[in-house]
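> test case, fold it:
(chains A, B, C and D)
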There are 2 protein chains.
Amino acid sequence: MTFAAKPTPRPSSRPPGKQRLRLWLRILRATRAIEAELRERLRVQFQMTLPQFDVMAALARAESGMTMTELSRKLMVSNGNVTGIIDRLVNDKLVLRQAPAEDRRSFVVRLTPKGAAQFELVARAHEDWVNTLLADFELDETERLIGEFDGLADRIRNGGTRA
Amino acid sequence: MTFAAKPTPRPSSRPPGKQRLRLWLRILRATRAIEAELRERLRVQFQMTLPQFDVMAALARAESGMTMTELSRKLMVSNGNVTGIIDRLVNDKLVLRQAPAEDRRSFVVRLTPKGAAQFELVARAHEDWVNTLLADFELDETERLIGEFDGLADRIRNGGTRA
DNA sequence: GGCAGTTATTTCAAGTATAAAATATTCATG
DNA sequence: CATGAATATTTTATACTTGAAATAACTGCC
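As a prediction, this is how the structure comes out:
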């Protein structure tokens, strides 16, 4: 049996390799490129911003609406931020706030019929765009990556609080 | 918010069109979680924003400085955006603009000695943070993912302009 | 030389983003 | 049932972000 043919410095005690950093930078660049592309298409074809679409997508999946805090956590943006996005969507009559009787601190936010109808349209296009943009990934490759990224966000969130 | 393990709805039975969308949403969430964590640590430990760090990182790698446009392309943010970030860094004496003699339209931006020294400090911490946050990925897994994400941003960018 | 077209940067308006403070409400507990 | 802690949202100040328009400077061509 032979050891590595490569001139590795020290296999056992590798210094904090830069590989994960390299991976992070690549993921970051790819994410930004995809977001830029989606943002541009949403703007040109549907006169809608990406955050607005994100909010509507979350609401479309929530049968009984969501509170501001739930939206904030789901989308991983600050709570103060959600206020402004919802304000504009309410202004455009795509979303409405309703006050639940049991807790007057909170609002439940949901899509209006107009909002739901418009979202259906946009969502179809959006899914196609993502399929095109990620066409590099074959089906089984996609499955494997889904597994590798699954729960990562939550682990980072929960692990990060103690450090 | 609860994160009950999903019942794994038999991947093969899902329409293939949705898989890439699912992958995209997971990548997006993970990226946002990592960015939030890095931003928080930069703020608390170094009183620095993430975009400012990104700019300094790009400059630290560029021996002879970069122009505004080069920075904008490298970081994939709009050109107008770079102006404000550089303004603040110049104000903090971490970066300086210098006018090249041959083209008076452009500036070359580079780190000051103070900026370079500070960046060294921050970069070490940043690398450790990323290593910790991406600790889920083993070395060979990391290598494979680097390969899969390599060039994706550029392909999206170049392919996206004509569509 | 003069002028059209391109390139580099800044400015602008609007929207997004954060953290922290302020408000309002609910809950637990004594 | 008072009151202090916790929760939900908005407000505020600052920073980031974009796309488009405005400036300024370079290039090529006649």
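> what comes up buried for the helix or strand bottoming out on mean pLDDT in chain A?
Every helix and strand of chain A was ranked by mean pLDDT, DSSP states H and E. The lowest is helix A:152-159, at a mean of 83. Under the neighbour-count criterion of 16 or more other C-beta atoms under 10 Å in any protein chain shown, helix A:152-159 has A:Leu152, A:Ala153, A:Ile156, A:Arg157 buried. For every residue, glycine as well, the C-beta is placed using N, CA and C.
> for chain B, tell me whether stretch A:146-156 is touching it.
Yes: Stretch A:146-156 comes into contact with chain B (C-beta under 8 Å from any C-beta of the partner chain), by way of A:Ile146, A:Glu148, A:Phe149, A:Asp150, A:Gly151, A:Leu152, A:Ala153, A:Asp154, A:Arg155, A:Ile156.
> tell me the two of those residues that are most distant?
A:Ile146 and A:Ile156 (16.9 Å; C-beta to C-beta).
> and the lengthiest helix in chain A, what does it pack onto?
What stands out as the longest helix in chain A, according to DSSP state H, is helix A:19-46. Here helix A:19-46 touches helix A:50-61, helix A:113-133, helix B:16-46, helix B:113-133, helix B:139-149, helix B:152-160, going by 3 or more C-beta pairs under 8 Å, 6 or more residues apart in numbering or on different chains; DSSP states H and E.
> 6 Å - rerun?
Under the contact criterion of 3 or more C-beta pairs under 6 Å, 6 or more residues apart in numbering or on different chains; DSSP states H and E, helix A:19-46 touches helix A:50-61, helix A:113-133, helix B:113-133, helix B:139-149, helix B:152-160.
> mind listing what's buried along the second one?
Spelled out, that is helix A:113-133. Residues A:Gly115, A:Gln118, A:Phe119, A:Val122, A:His126, A:Glu127, A:Trp129, A:Val130, A:Asn131, A:Leu133 are the ones in helix A:113-133 that count as buried (16+ other C-beta under 10 Å).
> got any ranges where chain A has weak pLDDT?
Within chain A, the ranges that satisfy pLDDT under 70 run A:1-16, A:160-163.
> and it, which of its residues are near DNA strand C?
A:49, A:51-52, A:76-81, A:84-85, A:88, A:102-105 (C-beta under 7 Å from any atom of the strand).
> now do the nearest residue to A:Leu134 once chain neighbours are set aside against DNA strand C, distance only.
Nearest in space to A:Leu134, with sequence neighbours left out and distances taken as C-beta to C-beta, 6 or more residues apart in numbering or on different chains, is B:Arg20 at 4.3 Å. Counting by C-beta to the nearest atom of the strand, to the nearest Å, the gap between B:Arg20 and DNA strand C amounts to 22 Å.
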